[in-house]
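In: how would this look folded up:
(one chain, ligands or ions: 1)
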Amino acid sequence: MKHEGGRRNQAETGYRSVNTWMRRAFGGIVCAVVVLGGCKDEEEAPPPPPAPLPTTGPFAAPTYASYLKGMRICLDPGHGGRAKRKGYKRGPTGLREAEVNLRVAHCLREFLEASGAKVYMTRTRDVYLAEDEREDQRLRVEMANRNDCDVFLSIHHNANDANPNANFVSVWYHDDPDHSPASLDIARQLAVGLIDELRLPQQLGCPIMSDKLMYAKSGFAVLRQAKVPAVLCESSFHSNPEEEARLRNPEYNRREAHALFVGLARYAYAGIPRMRVVDPPDGLLPESGAKQLVIELNDGIRDRKSWGWDRPLILSDSIVVRQDGKDLPFTFDKQTNLVTVPLPSRLKLGSMRLEVRFVNLFKQSNPKTSLELKVVRKLPLNRPVAKALKPPLPAPATEESE
Ligand SMILES: [Zn+2]
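Out: Predicted coordinates for the structure are as follows:
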């Protein structure tokens, strides 16, 4: 379906395009708001016949799922426990969102663990982590932060009480796109994975959405408090009678989990860029005197030693080094992947924080963007010296051959 184009500011475009799209899709029914987990207190109606399932395929792992090995992934099945209360986040015939979220998470865990990923679950049973809702949400994301996870994925299903026809995929990130580009890398793969696998008849023009569309000031608590790449999936609408019937089917839950699994595997395959300070190796800088900082970038792919690994795998124009929001000058050596930042001869005592961003050839961003150094009056004696760096890449061949 064609959706609205035009140039408007981002928030406005988001709201209007969803509503315009809804109006067009549902012949004039205006969706006041897409309610996350809306309440249902109506009398129970007989369950509608389930819509035929789209063609299913085997749940085989893609070959590139091997790159999930060693990744730390935190799965957060939304809600649970006290959400048993009548009408709380239930579909038209009473299916509880919390149960579906948990079933999908268990299947996804199975797929991920079979591929060698380390999975952390915020809950494995029908429980709430704390009576207080804020505390419950804090505890969920804290698990991902504490374990320095590569991904925090909160699994939900959407509801729209005003429009039972609504049923589409959306994946949510915190704040604006600059907040965490790595979260967008994950969101993109999950959204396309879900759209391909679930084949819902509706789709948004852009399924990747900011949580500020829902809560303009704070966004979602679990995403706001994440210190690691974090997304929240609303895979489909349990308020849609046909979708509710499908969501009761464990095989369908497995398909959804498989879609998320394939999305995460694609994220892993694209390589996770990293960086580290190599000089000074102890992170200490003298307050005065000539000095520089050397940062080694890792594209997340080179260490696989795949054919062509010794070619540049970082987009050099993507590299940004900032301090207090200001770009700093630097040089980048494509052969060694080293970024050298000349520093002023006088620095302020105390901690010095830099932000470094770049993307690899899959256009995947480094999740950890912050570097912290310490400026001291006097450097200690017997400091470690910078270790020998990786040998530079071989010079490019001058002659072409096929
Ligand atoms: Zn939910």
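
In: remind me which residues of the stretch 1-150 of the chain are low pLDDT?
Out: Within the stretch 1-150 of the chain, the stretches with pLDDT under 70 are 1-58, 83-84, 86-87.

In: Okay, strands next: where are they in it?
Out: 72-77, 118-121 (DSSP state E, counting those that start in this stretch).

In: so of these, which one's packed in deepest?
Out: strand 72-77 (a mean of 25; mean count of other CB atoms under 10 Å). (Glycine included, C-beta is placed from N, CA and C.)

In: Give the other helices and strands that that strand contacts.
Out: helix 97-114, strand 118-121, helix 133-146, strand 151-158 (3 or more CB pairs under 8 Å, 6 or more residues apart in numbering; DSSP states H and E).

In: can I get those in JSON lines with distance to the ion?
Out: Below are the helices and strands packed on strand 72-77 laid out as JSON lines (distance: least, CB to the ion, whole Å):
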{"stretch": "helix 97-114", "distance to the ion": "5"}
{"stretch": "strand 118-121", "distance to the ion": "16"}
{"stretch": "helix 133-146", "distance to the ion": "11"}
{"stretch": "strand 151-158", "distance to the ion": "4"}
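
In: how about these in a markdown table, adding distance to Ser351?
Out: Output for the helices and strands packed on strand 72-77, formatted as a markdown table (distance: least, CB to CB, whole Å):
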| stretch | distance to Ser351 |
| --- | --- |
| helix 97-114 | 36 |
| strand 118-121 | 30 |
| helix 133-146 | 20 |
| strand 151-158 | 26 |
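
In: Looking at the ones you listed, which one is packed in the most?
Out: Of all the helices and strands packed on strand 72-77, as judged by average neighbours under mean count of other CB under 10 Å, the leader is strand 151-158 with a mean of 27.

In: Would you list the strands that the following helix or strand past that one pairs with, along with their directions?
Out: Next helix or strand after strand 151-158 toward the C-terminus (DSSP states H and E): strand 170-173. Strand 170-173 pairs in its sheet with strand 208-210 (parallel), strand 230-237 (antiparallel), by DSSP bridges.

In: tell me the mean pLDDT over strand 170-173?
Out: Mean pLDDT, strand 170-173: 98.

In: can you offset everything so residue one is 27?
Out: Sure, I'll start counting at 27 from here, so that last one is strand 196-199.

In: Asp308 contacts Val411, doesn't it?
Out: No. Using CB atoms under 8 Å, Asp308 makes no contact with Val411, being 9.8 Å away.
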